[in-house]
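Student: Predicted model and sequence follow; I will ask about them next.
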Amino acid sequence: MKLRFILAVFMLFQLSCNNGKEENASNAISRKSTSNFSGTFSGLIPCADCPGIEITLSFNPDSSFTESMIYQERSSSFKDSGQWIIDGKIIKVRYNNKETFSRYFLIKSDSTIAWLDGDRKEIEGPLKDHYILKKK
């Protein structure tokens, strides 16, 4: 019984040590990546029950971002903010009120990003061009 307890404690210790190292390395890479990328991107994305949603995303060099969404022909608009990191060519966005990343964008060029679907793939179909946001 003592041996099982000791093994369990040892395994938990190893897991906690490894997670910290991976997170620290990830944060260092993210800070390095985000310092080379910033800017404001905008576009008009499709809306199910209105002509479109005007979206503006501002990525700041300190890894913070702001988002503004204005629904056309409605009196609805939303503003939000949070943190972002770059993983390869994908921007991962985390809102301040959430613990996990909840939106993803593909860096297509210095002046365009593509809104990705839930599987982190580019949106396909006849409306795919509407999910490309351009740098202001």
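Tutor: Received it, and whenever you're ready, just let me know what you need.

Student: Which strand or helix spans Ser58?
Tutor: strand 53-59 (DSSP states H and E).

Student: part of a helix, is Asp129?
Tutor: Yes: assigned with DSSP: H, G, I helix; E, B strand; the rest coil, Asp129 falls within a helix.

Student: Just the buried residues of stretch 104-119, please?
Tutor: The neighbour-count check on stretch 104-119 (16 or more other Cβ atoms under 10 Å) flags Tyr104, Phe105, Leu106, Ile113, Ala114, Trp115, Leu116 as buried. Bear in mind the C-beta positions are built from the backbone N, C-alpha and C, glycine included.

Student: ok, of those, which one's closest to Ser77?
Tutor: Closest to Ser77 out of those is Trp115 (18.3 Å), distances taken as Cβ to Cβ.

Student: residue contacts, the nearest residue in space to that closest one that is not next to it in sequence?
Tutor: In space, Trp115 comes closest to Tyr131 once its chain neighbours are excluded; the distance is 4.1 Å by Cβ to Cβ, 6 or more residues apart in numbering. By Cβ atoms under 8 Å, 6 or more residues apart in numbering, the contact set of Tyr131 is Gly43, Ile45, Pro46, Ala114, Trp115, Glu122, Ile123.

Student: hang on, the fourth one packs against Arg103?
Tutor: In this case it means Ala114. No: applying Cβ atoms under 8 Å as the test, Ala114 and Arg103 come out as separate, 11.9 Å apart.
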